[in-house]
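A.B. asks: sequence and predicted structure are below.
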Amino acid sequence: MEVSDADGRVIDKFVLKAGTASGFKLKGKYLEPVDQSQGVGMRVPAAHSAKNVGDTEFYEVLFQHPPDN
């Protein structure tokens with residue numbers, strides 16, 4: 001997976017394991033991983049894009065929880 005910022009600059013690339021899920025929590029203007037099960041140790045800007053640059057096909061499901069008050 002290749003992640004870019006809102007201006008299209010590549011931030012980082014990482015490998016996701018097929019058949020698993022990743023979770024992120026909004027902290028300020030960044031998304032931070034909620035666990036390390038995928039080995040994604042990077043903060044991602046809330047406004048970003050992601051692109052599959054590997055050989056494995058992925059299907060993405062995105063869901064958001066309302067902010068904690």
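C.D. replies: Happy to help now that I have it.

A.B. asks: ok, residue 35 - contacts?
C.D. replies: residue 23 (CB atoms under 8 Å, 6 or more residues apart in numbering). For glycine as for every other residue, the C-beta is placed from the backbone atoms N, C-alpha and C.

A.B. asks: relative to residue 55, how far out is residue 24?
C.D. replies: Between residue 24 and residue 55 the distance, using CB to CB, to the nearest Å, works out to 24 Å.

A.B. asks: now do residue 34
C.D. replies: To residue 55, residue 34 is 27 Å away according to CB to CB.

A.B. asks: higher neighbour count, residue 24 and residue 55?
C.D. replies: Set side by side, residue 24 and residue 55 give different neighbour counts by other CB atoms under 10 Å, the larger being at residue 24 (15 against 5).

A.B. asks: what is the more buried one paired to in the beta sheet?
C.D. replies: Beta bridges link residue 24 to residue 33, judged by DSSP bridges.

A.B. asks: assess the claim that it and residue 45 are in contact.
C.D. replies: No: counting by CB atoms under 8 Å, residue 45 is not a contact partner of residue 24; they are 11.1 Å apart.

A.B. asks: which neighbours do those two share?
C.D. replies: Taking CB under 8 Å, 6+ apart as the contact criterion, the residues that touch both residue 24 and residue 45 are residue 31.

A.B. asks: can you show me the strands along the chain?
C.D. replies: In order along the chain, the chain carries the following strands (DSSP state E): 2-5, 10-13, 24-27, 30-33, 44-45, 48-51.

A.B. asks: report all helices and strands that the last one contacts.
C.D. replies: This means strand 48-51. For strand 48-51, the packing partners by 3 or more CB pairs under 8 Å, 6 or more residues apart in numbering; DSSP states H and E come out as strand 2-5.

A.B. asks: buried residues, the strand it packs on. List them.
C.D. replies: If you call a residue buried by 16 or more other CB atoms under 10 Å, then strand 2-5 has these buried ones: 3-4.

A.B. asks: got a list of what residue 3 touches?
C.D. replies: 10-14, 42, 44, 48-50.

A.B. asks: most neighbours of all these, which one?
C.D. replies: Highest neighbour count within these: residue 44, with 18 neighbours (other CB under 10 Å).

A.B. asks: thank you, goodbye.
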